[in-house]
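*Asks:* Structure, please.
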Amino acid sequence: MIIGDPTVLSLDPLWRRFLNYVYLNTGWKGPPPTWDTQADVDDAGGYDAAIRAEAEEDMNELTRRIEMLTMTAVGGSGSE
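*Replies:* Predicted coordinates for the structure are as follows:
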């Protein structure tokens with residue numbers, strides 16, 4: 001039995017390969033993996049780079065939205 005965050009464990013190629021094996025052989029319990037279990041595992045890793053890039057994009061989008069809301073609030077605060 002393995003207890004842990006499969007998304008974090010899957011950042012390591014060895015763990016990803018093992019988790020794919022477990023999932024594809026019906027030993028998986030809980031929500032399905034967030035990655036393609038059919039895809040070949042890259043022994044060089046680098047899975048964290050893709051997740052970091054996605055997280056950075058999400059944070060940039062959040063920052064843009066907050067900035068837009070702030071500018072709207074400042075512009076509509078009534079200096080008329």
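*Asks:* quick one: low-confidence ranges for the chain?
*Replies:* 76-80 (pLDDT under 70).
*Asks:* how about the helices of it, start to end?
*Replies:* 6-9, 13-24, 47-75 (DSSP state H).
*Asks:* what comes up buried for the last one?
*Replies:* Translated: helix 47-75. Residues Y47 are the ones in helix 47-75 that count as buried (16 or more other CB atoms under 10 Å). C-beta: built from backbone N, CA, C; applies to glycine.
*Asks:* Please tell me how far I2 sits from L19.
*Replies:* From I2 across to L19, the span is 8 Å (CB to CB, to the nearest Å).
*Asks:* Overlap of the contact sets of these two?
*Replies:* L9 (CB atoms under 8 Å, 6 or more residues apart in numbering).
*Asks:* if we can go back for a sec, with distance to D36 as added columns, please give the helices of the chain in TSV.
*Replies:* Formatted as TSV, the helices of the chain follow (distance: least, CB to CB, whole Å):
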stretch	distance to D36
helix 6-9	13
helix 13-24	9
helix 47-75	11
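*Asks:* wait, which of those helices is closest to G30?
*Replies:* Evaluated with CB to CB, the helices of the chain place helix 6-9 nearest to G30, the distance being 8.0 Å.
*Asks:* Report the separation between N25 and P6.
*Replies:* In terms of CB to CB, N25 sits 15 Å off from P6.
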